[in-house]
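Novice: coordinates only, sequence not included:
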């Protein structure tokens with residue numbers, strides 16, 4: 001049965017890849033990051049198409065790949081996918097993660113992950129992990145939004 005499933009996957013991939021790459025990238029751009037990652041894991045050709053979409057998203061969001069020191073080589077085959085996965089919520093895997101999870105470093109706070117606002121405020125599992133791992137949530141997002149609204153009292 002695995003041979004039949006493999007042949008069906010290859011047949012499906014051949015039909016999908018028969019479409020123009022520009023059309024495929026336009027369709028893939030509507031997928032959320034976790035679904036695009038699943039698509040990219042099916043075949044090498046799908047991964048190459050998805051990498052173009054990841055690169056476009058990163059440019060649109062203003063993300064950049066980390067600089068590689070002189071004399072070193074790129075260690076990952078799909079760097080834009082890796083960069084995109086660093087910007088999804090570590091709890092629910094949604095695309096709107098903007099609240100840094102911080103750990104105390106030797107001299108500064110180190111960002112270890114990102115969470116979406118819904119997970120920060122409602123997810124008990126996240127709170128437990130943060131208590132056990134001595135982690136903190138930043139009260140200001142990467143975009144400058146405050147986690148909690150401060151009500152201002154009117155002067156009388």
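Specialist: Arrived safely. Predicted model, so just to flag it, every value in this text is computed and none were measured.

Novice: which element follows the host helix or strand of residue 47 toward the C-terminus?
Specialist: Assigned by DSSP states H and E, residue 47 belongs to helix 44-61. Moving toward the C-terminus from helix 44-61, the next helix or strand (DSSP H and E) is helix 79-85.

Novice: now do that following helix: everything it contacts.
Specialist: 33, 36-37, 40, 47, 50-51, 54-55, 57-58, 63, 65, 76 (C-beta atoms under 8 Å, 6 or more residues apart in numbering). (Glycine included, C-beta is placed from N, CA and C.)

Novice: against which helices or strands is the helix or strand following it packed?
Specialist: Once helix 79-85 ends, the next helix or strand along the chain (criterion: DSSP H and E) is strand 99-104. If you count contacts as 3 or more C-beta pairs under 8 Å, 6 or more residues apart in numbering; DSSP states H and E, strand 99-104 packs onto strand 109-115, strand 135-137.

Novice: lowest average pLDDT across those strands?
Specialist: Lowest mean pLDDT within those: strand 135-137, at a mean of 78.

Novice: go ahead and confirm residue 92 touches residue 118.
Specialist: Yes: using C-beta atoms under 8 Å, residue 92 is in contact with residue 118, at 7.2 Å.

Novice: need the mean per-residue confidence for the helix holding residue 47.
Specialist: On average, helix 44-61 scores 91.

Novice: in TSV: the helices and strands packed on strand 99-104, plus mean neighbour count and distance to residue 11.
Specialist: Shown next, in TSV, are the helices and strands packed on strand 99-104 (neighbours: other C-beta atoms under 10 Å; distance: least, C-beta to C-beta, whole Å):
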stretch	mean neighbour count	distance to residue 11
strand 109-115	17	38
strand 135-137	15	47
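
Novice: hmm, back to that, now the buried members of the contacts of helix 79-85.
Specialist: Burial by neighbour count, judged by 16 or more other C-beta atoms under 10 Å, picks out 33, 36, 37, 40, 47, 50, 51, 54, 55, 57, 58 from the contacts of helix 79-85.

Novice: where in this protein is pLDDT low?
Specialist: 1-9, 74, 123, 125, 129, 148-156 (pLDDT under 70).

Novice: make it 80
Specialist: For the chain, applying pLDDT under 80 flags the ranges 1-12, 66, 68-76, 104-109, 123-156.
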